[in-house]
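Asks: Please find the sequence and the predicted model below.
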Amino acid sequence: MARLNYLPDLRFLPENLSSVSAATALNDGISVGTFLKNITLDHITDQDQRKQVARNLLPHAQILKSISNNKKFASHKLVVVEGLYKADPEEKITENDTNPNYLATTGRSVVYELRRNKKMDVDKTFELIRYIKIYLDFFDKIILDYDTNQEDTLNAQIIIQTPEIPINYDINFKGKSETQFNNTVLASGQLVEVTESPISKVEFPADVPDEVEGYFTLGDFHARLLRSYGGAPWQSYAQDSRLARNNEIFKNLQKIKKESNVVISTGYNDAITTTDEPFDIARAVAKIVGTAANKKHVVTYLLPPITNQGNVDRQKAIRATILSELSQQSTRFGHKVRIIDLNRSEYQLGLDGKSLTPDSYIAISNVLI
């Protein structure tokens, strides 16, 4: 039987309201609009559904209010960076509690950043999330999410997931915790502080061109995870946020001895995070693949999967353009380039909705070694 362990502020219950809008108050100084980022409520036309969204956001609003009143964090501001999620018309969202996008469609998953003078404070974020876990424990799951950008700078966000709040507010919160680093679970059931990027630099037995040989991955997070789950003998020059137009990939290619096995994964970040034209992305990918082939590497290209993280039509167009460009330039490569389509049915997307499952990367590694 569920126990009552959450007492909402009775001033802000949405049940007796005739309608819910962005201006609807959820706490002092906090409204539904606080959780709307570049969207409105227009896609939710049913008022009962809007009231459910408001109920689900009440714990989040209470956490925000509690932090703003806490002297320990008086110089900081907890900011909503990803709030209510509006799916694209063609997007299909898996409806289960492990899908953060699904939770976010009804206000059950919110991503926060702790900022001081408008800049993220990574060190203070760890102190804050421990405080929330101990004193503001009305959540199903709280995630300390670390990642690195292209400059290897460490970032930290707090993801808070809550259950659907019933109209009688009789609810049991699970209170789980997790630490992630670059979309990979670092610790389950505990919060672990990361003070520097543990994989920001890759060291090899030699850094002179044509002296390093073996099995290598280059490009983005798919390449990094192939090395992580594939294990030995893989080595990796990959970085999660890397784009196809990043010249660092070419510098890394020059370090690898000819006839080595090279797996390249790039193009996905370009599709999701840039507005580059599909042809420009495809041409950049083909230039990387061609450079590797011309160095007599044994080249495998990982064609990005279609995910629900961005515009599906754009992803399809970029995939098709990459395939076309690689096909047109194949005669220049001197030997065949192997393409592994990560969208094939035998490979499954992981919980983050963009990387594959560990078993999928292991399967790809077994094919290539």
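Replies: Sure, I can see it.
Asks: Lys51 and Tyr347: what is the separation?
Replies: 40 Å (C-beta to C-beta, to the nearest Å). Every C-beta, even on glycine, is put in place using the N, C-alpha and C of the backbone.
Asks: With Arg116 instead?
Replies: On the measure of C-beta to C-beta, Arg116 and Tyr347 end up 42 Å apart.
Asks: So for these two, which sits in the more crowded spot?
Replies: Tyr347 (18 against 12; other C-beta atoms under 10 Å).
Asks: That one against Ala363, yeah?
Replies: Yes - the pair Tyr347 / Ala363 is scored as a contact, 7.2 Å apart, by C-beta atoms under 8 Å.
Asks: Confirm that Ile340 sits in a strand.
Replies: Yes - the assignment for Ile340 (DSSP: H, G, I helix; E, B strand; the rest coil) places it in a strand.
Asks: what's the nearest residue to it if we skip its chain neighbours?
Replies: Leu302 (5.4 Å; C-beta to C-beta, 6 or more residues apart in numbering).
Asks: Kindly indicate whether Ile249 is helix, strand or coil.
Replies: helix.
Asks: Report the contact partners of it.
Replies: 218-219, 237, 242, 264, 266, 288 (C-beta atoms under 8 Å, 6 or more residues apart in numbering).
Asks: pLDDT, distance to Ser327 and neighbour count added to the residues you listed, as a markdown table?
Replies: Output for these, formatted as a markdown table (pLDDT from 0 to 100; distance: C-beta to C-beta, whole Å; neighbours: other C-beta atoms under 10 Å):
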| residue | pLDDT | distance to Ser327 | neighbour count |
| --- | --- | --- | --- |
| Leu218 | 94 | 21 | 25 |
| Gly219 | 94 | 20 | 30 |
| Tyr237 | 89 | 26 | 22 |
| Arg242 | 91 | 24 | 22 |
| Ile264 | 96 | 16 | 27 |
| Thr266 | 96 | 17 | 27 |
| Ile288 | 94 | 16 | 23 |
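Asks: Among the residues you listed, which lie within helices?
Replies: Ile288 (DSSP state H).
Asks: Among the contacts of Ile249, find me the one that's closest to Lys92.
Replies: Thr266 (25.6 Å; C-beta to C-beta).
Asks: separation between that closest one and Lys86?
Replies: 29 Å.
Asks: Can you name the helix or strand that the residue nearest to Ile340 falls in?
Replies: Here Leu302 sits within strand 298-303, counting by DSSP states H and E.
Asks: Need the residues that contact the following helix or strand past that strand.
Replies: Sequence-wise, the next helix or strand downstream of strand 298-303 (DSSP H and E) is helix 312-329. Helix 312-329 is contacted from outside by 88, 90-91, 267, 270-272, 278-279, 281-283, 285-286, 289-290, 301, 303-304, 306-307, 337, 339, 343, using C-beta under 8 Å, 6+ apart.
Asks: Residue ranges of each domain in this protein, please.
Replies: 10-188, 215-368 (automatic domain parsing).
Asks: Out of these, which one sits most buried?
Replies: Compared across the domains of the chain, domain 215-368 shows the largest average neighbour count, a mean of 19 (mean count of other C-beta atoms under 10 Å).
Asks: end to end, how far does that one reach?
Replies: 9 Å (C-alpha to C-alpha, to the nearest Å).
Asks: In this protein, which helix is the longest?
Replies: helix 47-68.
Asks: List of residues touching the next helix or strand after it?
Replies: Remark: after helix 47-68, the chain's next helix or strand is strand 77-82, criterion DSSP H and E. With contact meaning C-beta under 8 Å, 6+ apart, strand 77-82 is reached by 34-35, 37, 63-64, 67-68, 104, 110-116, 128, 157-158.
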